[in-house]
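J.: Mind looking at a prediction? Sequence and model below.
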Amino acid sequence: MSIYVGNLSYSVTQDSLTETFGEYGTVRRVQLPTDRETGRLRGFAFVEMGTDAEETAAIEALDGAEWMGRDLKVNKAKPREDRGSSGGSWGNKSNSSRRY
């Protein structure tokens, strides 16, 4: 399980997140997603802790805390939704079975 960390400063680094969350236990991994087009950080991250107890301690301590000039939003990450393909037949004009 991992932790979602939102409302991050765009100047955050993996090292700064590792250091901050490391105060609550072992940090296994930090992911900082970037925008595909610009390469700029997207303002959120995912942090994996060593145990559920460490994860809970980090969430309780850091949710709503001010860090790097921002109030953090910290909670259990939800599983990623399957977005499927490109939305079915959007823009597909060759669908002959469609009735209007």
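T.: Thanks, I have it. Residues are numbered from 1 along each chain as shown.

J.: mind listing the strands in the protein by residue range?
T.: For the chain, applying DSSP state E gives strands covering 3-6, 27-31, 44-49, 66-67, 70-71, 73-76.

J.: Partner strands of the longest one, with direction?
T.: Okay, so that is strand 44-49. Here strand 44-49 has these sheet partners by DSSP bridges: strand 3-6 (antiparallel), strand 27-31 (antiparallel).

J.: Can you point out the buried residues in the first one?
T.: If I follow you right, that is strand 3-6. By neighbour count with 16 or more other Cβ atoms under 10 Å, strand 3-6 contains the buried residues 3, 5. Bear in mind the C-beta positions are built from the backbone N, C-alpha and C, glycine included.

J.: Send me that strand as CSV with only the CA atoms.
T.: Listed next in CSV are the C-alpha coordinates belonging to strand 3-6 (Å, rounded to 0.1, in the frame of the first residue of the first chain):
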residue,chain,number,x,y,z
ILE,A,3,0.4,7.0,0.6
TYR,A,4,-0.9,9.8,-1.6
VAL,A,5,0.7,13.2,-0.9
GLY,A,6,-1.1,16.1,-2.5
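
J.: For whichever helix in the chain runs longest, what is the distance to the chain centroid?
T.: Criterion DSSP state H: the longest helix present in the chain is helix 52-62. In terms of Cα atoms, centre = their mean, to the nearest Å, the centre of helix 52-62 is found 16 Å from the chain centre.

J.: Could I get the average pLDDT for it?
T.: Mean per-residue pLDDT for helix 52-62: 97.

J.: please begin residue numbering at 25 from this point
T.: With the count now opening at 25, the last piece we talked about shows up as helix 76-86.

J.: Now do that helix and strand 51-55, the angle between them.
T.: Orientation of helix 76-86 against strand 51-55 (axes from the mean of the first three to the mean of the last three Cα atoms, to 10 degrees) gives an angle of 60 degrees.
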